[in-house]
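Trainee: what shape does this take:
(chains A, B, C and D)
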There are 2 protein chains.
Amino acid sequence: MTAESEEEKTLSDRASTRLTHAIITGELAQGQKLSEAELATRFGISRGPLREAIRRLEGMRLVKRIPHAGARVVTLNKTMMAELYRVREALEGMACRLAAEQMSTTEQARLFELLDEHESQIEAAEGREYLQNEGDFDFHYHIALGSRNQMLIDLLAGEMYQLLRMCRYKTGTMHKRPQLALNQHRQITEAIANRDGDLAELLMRRHISGAWKTISQDMDDYS
Amino acid sequence: MTAESEEEKTLSDRASTRLTHAIITGELAQGQKLSEAELATRFGISRGPLREAIRRLEGMRLVKRIPHAGARVVTLNKTMMAELYRVREALEGMACRLAAEQMSTTEQARLFELLDEHESQIEAAEGREYLQNEGDFDFHYHIALGSRNQMLIDLLAGEMYQLLRMCRYKTGTMHKRPQLALNQHRQITEAIANRDGDLAELLMRRHISGAWKTISQDMDDYS
DNA sequence: TGCCCATCGATTGTCGACAATATGGAGAAA
DNA sequence: TTTCTCCATATTGTCGACAATCGATGGGCA
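Mentor: Numbers count the residues shown, from 1 in each chain, chains lettered A, B, ... in the order given. The predicted structure follows:
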C-alpha cells in the first residue's frame, strides 16, 4: 500500500497495519472504542503487542487515547478535515516545489504515464470510482517521492494519506469532476517537467484548496 | 515545556516525556542505543511501559527502531536537518498565513510584547544565548497557536520543535545575529497585525530558509 | 421523587517470566 | 593469517496474571 510491504516481522507491526487498514476501510467505525481484549483475541495475539500498535496509531493521529479510558477511532468532523487539507496544502505544495527541482527525467516520464492511465480509466470505467481514487493517490504519492525529502514523504504517505482515505470513505466522495482533477494534474506535471518550482507549488496548492472547497460544499449540501 | 504539563498520569507517558527530555538535552547522545533493561531500571519501571514510550518517540521521529535490534536515538546529519528545515518552512509558512487571518487582537498584542522582551534580552544578556533561543521558540510557538489549526500545532510543537532543539544542541548554534532574527520577527508580526496572510507567509518562509542557509554554512566551516 | 454515595464489574495499566532473535567471539579450515 | 561457521550470551518480543482506575448500577437518605 505505502510500499513498505517488506514482510512485517513483529506481531506489533502486523497488528498496527491491520488496525490501520480496518480503520481506513471503516471496518472500525469512527468514534468506535478499541477494546484491547476484544482486538487481541480477534488478532490472536496478546495485549502487549496490541497496546504498542495502538500507541503507534495514536502517533499517526488515527486514534485518540485517553488514559484509563481507552482508545477510540478518531472522528473526522468538518473542522478536522479542514485542518487536514490546510496542512496537506502546505506539505504537498512544498513537495511539488522540491519535485520540480529534483525529480529525475525517468520519474517525470512515469508521471506522464500515470496521467495517461488515469485518463483511460476515466473514460472506460463509469462508476468504478475506486480506481480513480487510487490513481489520484498514486499521482500525489509519486510527487512526494520526487521531493527526495524523506521526512516529507513519511509525513504524507504515513499520516496524511491515511487520514485522507478515511475522509473519502466517510464522505463517500470521490472527485465529482475527475476530468477537472486530471487537467490540473497535467498542468502540475508540466510545471514539474519545466523545472518551474514556483508554479508547481502554486498549482498544487490551488488543486488541493480547490478540492477542499468542493468537498466542503458537498458536506454542507447533505447536512 | 510544550504547555502539556497537566500531570502525566501513566508511567508510559511520564517515561516518554522523560526520554524526550533526555534526548533533547543530549543526555542520551545521538545514535546511542536505548537499552530497554537499563532504561527501565533507571526509571524504576517495568519494560512494558518503557516499550510503549519508545514506540511513541518512534512516532515523533526522535528514535529509530529496528526489529529485534533495538531503538537508537536518531542521528541528525546535515541532509536530515535540511529536510527538517524544508518541512518546517512549509508548515510554519502556512501557520503564519492562518495566524494572520485568525489571530485575535489580544494574541497580536502578546506577540508584540514578546518582541520587546526579546529585544531587552538581547541587549542585557551577552552570552546568555539560551534565553534568546527559548525566546525564539516562544515566538514561533505563539504563531503556531494563532493558526487555530490543531493538527498544525501538534505537528510543530510535538515533533518539529523537538527535533529543532536537538539540532541546536548538537550544533551548539544559536542565531549568530539575534538582531537580524528579531527584525525579521518584527516584520512578520507587522504583517500579521495587518492581516496580510500572503506577506506573513512569505516573510516566515524567508526567515526560516535564511536561518537554514546560515546554519548550513556554519556546518561547512567547521567540518 | 430526586439526588448522592458506595459498591461492583469491566477495562486499562503494570509487572515478572518465558520464548525468539540478533550480536559477538572462539575455534576450525583454507 | 584470514575467513567462515557455530555456539553462547545478551537483548528484544511475547505472554499471562495481578493491580489500579473508571463507569455504572443500585440502594439509602433528604
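Trainee: going forward, measure contacts between C-alpha atoms and count neighbours the same way
Mentor: Fine.
Trainee: residue contacts, the residue nearest to residue A:59 when sequence neighbours are not counted?
Mentor: Closest residue to residue A:59 apart from its sequence neighbours, by Cα to Cα, 6 or more residues apart in numbering or on different chains: residue B:59 at 5.3 Å. Remark: with contacts taken as Cα atoms under 8 Å, 6 or more residues apart in numbering or on different chains, residue B:59 is in contact with A:56, A:59, A:60.
Trainee: ok, residue A:109 to residue A:103 distance?
Mentor: Distance from residue A:109 to residue A:103, counting by Cα to Cα, to the nearest Å: 10 Å.
Trainee: domains for chain A, by residue range?
Mentor: Domains of chain A are assigned by automatic domain parsing as A:3-73, A:78-221.
Trainee: the one helix or strand residue A:92 maps to: what's the following helix or strand?
Mentor: Per DSSP states H and E: residue A:92 is located in helix A:78-102. Scanning forward in sequence from helix A:78-102 by DSSP H and E, the next helix or strand is helix A:105-124.
Trainee: tell me the angle that next one makes with helix A:78-102.
Mentor: Going by axes from the mean of the first three to the mean of the last three Cα atoms, to 10 degrees, helix A:105-124 is angled at 130 degrees with respect to helix A:78-102.
Trainee: CA atoms only: put helix A:105-124 into PDB for me.
Mentor: C-alpha atoms of helix A:105-124 as PDB (Å, rounded to 0.1, in the frame of the first residue of the first chain):
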ATOM      1  CA  THR A 105      13.600  12.600 -16.100                       C
ATOM      2  CA  THR A 106      12.600   8.900 -15.800                       C
ATOM      3  CA  GLU A 107      10.400   9.800 -12.800                       C
ATOM      4  CA  GLN A 108       8.900  12.600 -14.900                       C
ATOM      5  CA  ALA A 109       8.200  10.100 -17.600                       C
ATOM      6  CA  ARG A 110       6.500   7.800 -15.100                       C
ATOM      7  CA  LEU A 111       4.300  10.800 -14.100                       C
ATOM      8  CA  PHE A 112       3.100  11.300 -17.600                       C
ATOM      9  CA  GLU A 113       2.400   7.600 -17.900                       C
ATOM     10  CA  LEU A 114       0.300   7.800 -14.800                       C
ATOM     11  CA  LEU A 115      -1.700  10.700 -16.400                       C
ATOM     12  CA  ASP A 116      -2.400   8.600 -19.500                       C
ATOM     13  CA  GLU A 117      -3.500   5.600 -17.400                       C
ATOM     14  CA  HIS A 118      -5.700   7.800 -15.300                       C
ATOM     15  CA  GLU A 119      -7.300   9.300 -18.400                       C
ATOM     16  CA  SER A 120      -8.200   5.900 -19.900                       C
ATOM     17  CA  GLN A 121      -9.600   4.800 -16.600                       C
ATOM     18  CA  ILE A 122     -11.900   7.800 -16.500                       C
ATOM     19  CA  GLU A 123     -13.100   7.100 -20.000                       C
ATOM     20  CA  ALA A 124     -13.500   3.400 -19.500                       C
END
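Trainee: with that, I have no additional questions.
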